[in-house]
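J.: model this:
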Amino acid sequence: MPMRRRTETLIVVVAAMASIVLIWAGFGNSWHQDLSALYFAARSYGLGQTELIYLAPDRFFGAVASPEWQDMALQLGHGDELVLPYVYAPLWAAVLAPLAVRLDPIAFYNLVLVVHIGFFLWSILLARRIAAQGSAPLWAWFGIAALIALVSTPFLNAFWHNQPQITVTFLVLLAFERYRAGAWRMAGIALGLAAAIKITPAILAVIFLMDRHWRAAGVAAATGLGLLMLSLAIAGLPLHIAFWEQLQRASAYMVLTPLNLGLEAVIARWGEVISGGLGSGMEDKALTVVESGGWGGLLSMAVLILGLALIWRVTRGAGQPVYPRLLALWALVILCGPLAWNHYLIGPLYLLPGVLWHLPRRLAAPALVMIVLAVSLPLQVVLMAGQTDPVWLMSLGAASLCAMFWLAILSVSP
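T.: Below you'll find the model as predicted:
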């Protein structure tokens, strides 16, 4: 093996090993609040206490899911930890119930963290194949991607919470890597599975429709429908009615926090800042809960529709449209969602290094640095230490999504 090839391989191996060590050292053997919802839902299902699965506080956000789950956590030796409400389909509680009944929370979280570390490394490779297959050296791509993950709050928050979004993001990247390779059946299955875990990825099937690839879209829809039928068969109708009611409770409110980067949330937060209010029921300015709806939601919907039209207009007839369409649409969907959690950005950030191979470096490199800086941990620490209102971090996150959208549009090649 030539010396240059060995050096490049060494860089990839060192970056991968360093990522594994840092993630495990930082987040292993820890309590993960977001994953607690899945664990206690699965445990409740396994113990036959299905009536506990969809309990939630009145305003849904920022509080313990239920006294019953907190008592369960206490019995397991974690009574001082926060257990959040469950907002996924009953199927996943049923599937994971055997593990949750046999493992204590930390062992369960560690097992999921190992899987998520594997998905993280694999996602870097999938993103490269989507964005710059054949043009970006593996060592360069891997090094840039690992550095972005190290300094950016979306990745840190995703692993801090051991968020199922890591799995969903992996499935989306797998779907479009397979789609770009011509394996449309696998692409549809992967995207349908992602949408069955969290509904948002379903809108990414628009990319299949833009290509008039009805078979890929059909497989995605059939996969989602099949999983719904399986969920009904396993868990029964009453739990699915409770699931639907839980979704309604969650969508009735919007949490204004530095971790919500959506356009609607940013508008609502600026409204609170200008009026001097902090939102009903919350006194901490870093976490304000307000009712959803209003003109901010209508504006977000209008931006989504206009953005979709622009993506279609610009990418129609492009030589390789999968990368710019996916990056642009993913950023747009997050921006226009009512709950654009910070950790959702890991998807577009996986793809972001591709702009270095699709645009002139004099434009792409500074833009990439500014986007990563806007969502970086050092900047967040500085702003929060200075008692800066969270609206600035929210605005910077929304601006980073806008920037990724426009970079994707600019990267379209004829």
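J.: The residue lying closest to Trp392 once chain neighbours are set aside sits in which helix or strand?
T.: In this structure, Trp392 finds its nearest non-sequential neighbour in Leu383, 6.0 Å apart by C-beta to C-beta, 6 or more residues apart in numbering. For every residue, glycine as well, the C-beta is placed using N, CA and C. According to DSSP states H and E, Leu383 maps onto helix 377-385.
J.: Show me what that helix is in contact with.
T.: 151-153, 156, 258, 286, 373, 392-393, 396 (C-beta atoms under 8 Å, 6 or more residues apart in numbering).
J.: got TSV for these, with distance to Val64 too?
T.: Compiled in TSV, those are given as follows (distance: C-beta to C-beta, whole Å):
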residue	distance to Val64
Val151	32
Ser152	29
Thr153	25
Leu156	24
Pro258	22
Ala286	19
Leu373	35
Trp392	30
Leu393	26
Leu396	31
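J.: For Ala63, see how far away the closest residue in space to Leu52 that isn't next to it in sequence is.
T.: Spatial nearest neighbour of Leu52, chain neighbours left out: Ser44 (4.4 Å); criterion: C-beta to C-beta, 6+ apart. According to C-beta to C-beta, to the nearest Å, Ser44 and Ala63 sit 18 Å apart.
J.: For Glu51, the count of nearby residues, please.
T.: By other C-beta atoms under 10 Å, 12 other residues sit near Glu51.
J.: Would you double-check that it falls in a helix?
T.: Yes. Read with DSSP: H, G, I helix; E, B strand; the rest coil, Glu51 is one of the residues of a helix.
J.: just to revisit the earlier point, quick one: which of Ser44 and Ala63 has more around it?
T.: Ser44 (25 against 15).
J.: Surely Ala131 forms part of a helix?
T.: Yes. The assignment for Ala131 is a helix, going by three-state DSSP.
J.: So the nearest residue to it once chain neighbours are set aside, which state does it fall into?
T.: Spatial nearest neighbour of Ala131, chain neighbours left out: Gly354 (2.8 Å); criterion: C-beta to C-beta, 6+ apart. Put simply, Gly354 is helix when judged by three-state DSSP.
J.: residues contacting Arg72?
T.: No Arg there; residue 72 is Met. Going by C-beta under 8 Å, 6+ apart, Met72 touches 40, 43-44, 83.
J.: Which single one of those is nearest to Trp295?
T.: Within the contacts of Met72, distances to Trp295 taken as C-beta to C-beta reach their minimum at Val83, with 35.2 Å.
J.: nearest to Arg325, of the contacts of helix 377-385?
T.: Ser152 (23.1 Å).
J.: ok, residues contacting stretch 162-172?
T.: 27, 32, 34-35, 38, 88, 109, 112-113, 115-116, 119-120, 122-123, 126, 157-159, 190-191, 193-194, 197-198, 201, 204, 330, 341, 343-344, 346-347, 350.
J.: mind checking how far the residue nearest to Ala131 is from Ala127?
T.: 7 Å.
J.: Now the terminal residues of stretch 198-212, how far apart.
T.: 24 Å (C-alpha to C-alpha, to the nearest Å).
J.: just to revisit the earlier point, hmm, which of the contacts of helix 377-385 is lowest in pLDDT?
T.: Across the contacts of helix 377-385, the smallest pLDDT goes to Ala286, namely 57.
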